[in-house]
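# could you look at this predicted model? Sequence included:
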Amino acid sequence: MTIVKKIIVIGGGPAGMMAAIRAGQLHQQVVLLEKNAGLGKKLLLSGKGRCNLTNACSLEEFLARFSKNGQFLRDAFKKFFNQDLMNFFEERGLPVKVERQMRVFPVSDRSASVLEVLEKELIKNKVEIIFKAKIKNLSIVDNKVRGLYLAGDEFILADRIIIATGGISFAITGSTGDGFEFARKLGHAVTALAPGNREIVSEIGELLFTFFGISGPLVLTLSGKIVNWLNENKKVYAQIDLKPGLSKEQLNNRLLREFSANPRKNIKNVLKGLLPLRLVDVFLEIAKINPEIRVNQISRQAREGIVDLLKAFRLDIAGSLPLEEAMVTQGGVSLKEINPRTMESRKIKGLYFAGEMIDVDADTGGFNLQAAFSTGYLAGESAALS
């Protein structure tokens, strides 16, 4: 006989939706509370609106892409991993594809199609959703979950509560750190929060030059480590290979050909064939070369300096964007206080954590989103079966 529990899931992001779906599949009474007027607001922005669902690499490669805390996720990944997630969506009519660097996207190239599948599954499993929910506090009696109070002192009785409110990145999506405040009030330690994402190795990838500096996948994956170094008052710089597909010798030969073919052309126009137009002036300023100088006036030493700079374009890092604009939050509820086999709090019975609430973070490339789905799945199943 199935014993039906009332399970409250706080947060309608990937982790929260998956937790609610899994608990619903196991025939529990599930209530999903979302502070926004709709679900998956941050999910819709992921992967530049295409939703990089997961990564198709092996479990060991996957864990290696996380920070020092990645091993904590081993049980969650064994329960529900990348192939399980791909099957989940494909079995519900959303085919997926594997792109370069093993990144997995929906064939539709639309984050909205991912959200549509999740929303249909919530309805199918009879999950009650309360939008614009404002939570006042959680009710804990004798270190056991009893329910929570909404604004206006409305009380919802519950046997289990799963907190999946996300981090404090992208505040415009509703990720404002509410879950961390709940955790702190209940006696949980929350490690220092910082803009996140780390990188172990990334040789070639997309990079954007912006009004504030540099961004894009390569920068985001390195940002967590860089922020840590900056916080330690270390000097940090980015050394960018602007032409990774060409060796120094090949670049030098190309410049020689260009110079010989167009001796009266100015260097600015020559470099337009090698660099984005808006980068050329900045490049020449750093190289200390007059953009109007004719190439037949450029010395061998200056030409070799251009080649060196193309292969090692250095920018000193002054700081990161505010935490509210980060893609992922680094830090969270201390892993010492969460059971990795269940995602349940070691301090309070019936309280679970999932997604960015947990102190784990990884490179970009689908790793963080998979962690959200996996920990949500495990928390939902554990809450249902405990």
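Looks like it came in fine.
# shaky segments in the stretch 51-200 of the chain?
167-177, 192-200 (pLDDT under 70).
# hey, where'd the helices end up in it?
59-64, 74-79, 82-90, 111-124, 178-185 (DSSP state H, counting those that start in this stretch).
# mind putting these in JSON lines, mean neighbour count included?
From N, CA and C alone the C-beta is placed, and that goes for glycine too. Below are those laid out as JSON lines (neighbours: other CB atoms under 10 Å):
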{"stretch": "helix 59-64", "mean neighbour count": "15"}
{"stretch": "helix 74-79", "mean neighbour count": "18"}
{"stretch": "helix 82-90", "mean neighbour count": "18"}
{"stretch": "helix 111-124", "mean neighbour count": "18"}
{"stretch": "helix 178-185", "mean neighbour count": "19"}
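# now these as JSON lines including distance to residue 290?
Putting the helices of the stretch 51-200 of the chain into JSON lines (distance: least, CB to CB, whole Å) gives the following:
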{"stretch": "helix 59-64", "distance to residue 290": "47"}
{"stretch": "helix 74-79", "distance to residue 290": "56"}
{"stretch": "helix 82-90", "distance to residue 290": "53"}
{"stretch": "helix 111-124", "distance to residue 290": "47"}
{"stretch": "helix 178-185", "distance to residue 290": "53"}
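# what ranges do the strands span in the stretch 151-300 of the chain?
Ranges of strands within the stretch 151-300 of the chain are 155-157, 160-163, 194-195, 208-209, 214-215, 236-240, based on DSSP state E, counting those that start in this stretch.
# for this structure, what's the longest helix?
If you go by DSSP state H, the chain has its longest helix at helix 367-385.
# show me which residues of that helix are buried.
Using 16 or more other CB atoms under 10 Å as the test for burial, helix 367-385 gives 367-384.
# same question, stretch 288-308
Result for stretch 288-308 [16+ other CB under 10 Å]: buried residues 289, 295, 298, 303, 306, 307.
# tell me the contacts of residue 78?
The neighbours of residue 78, taking CB atoms under 8 Å, 6 or more residues apart in numbering as the test, are residue 59.
# just to revisit the earlier point, dump the buried residues of stretch 288-308 into CSV; add distance to residue 96 and pLDDT as well.
Below are these laid out as CSV (distance: CB to CB, whole Å; pLDDT from 0 to 100):
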residue, distance to residue 96, pLDDT
289, 48, 88
295, 49, 85
298, 50, 85
303, 48, 87
306, 43, 87
307, 42, 87
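# which one of these is nearest residue 343?
residue 307 (52.5 Å; CB to CB).
# and the strands in the stretch 1-150 of the chain?
Under DSSP E, counting those that start in this stretch, the stretch 1-150 of the chain gives strands at 6-10, 29-34, 54-55, 96-98, 103-106, 128-131, 135-141, 144-150.
# among the ones you listed, which is nearest residue 359?
Ranking those by proximity to residue 359 (CB to CB) places strand 6-10 first, at 18.1 Å.
# now the closest one: average pLDDT?
The average pLDDT for strand 6-10 rounds to 97.
# and that strand, what does it pack against?
Packing partners of strand 6-10 (3 or more CB pairs under 8 Å, 6 or more residues apart in numbering; DSSP states H and E): helix 14-25, strand 29-34, strand 144-150, strand 160-163, helix 178-185, helix 367-385.
# adjacent strands (with direction) for that strand?
Each strand paired with strand 6-10, and its direction, by DSSP bridges: strand 29-34 (parallel), strand 160-163 (parallel).
# okay, angle between the longest one and helix 367-385 too, please.
Our comparison of strand 29-34 with helix 367-385, counting by axes from the mean of the first three to the mean of the last three CA atoms, to 10 degrees, yields an angle of 150 degrees.
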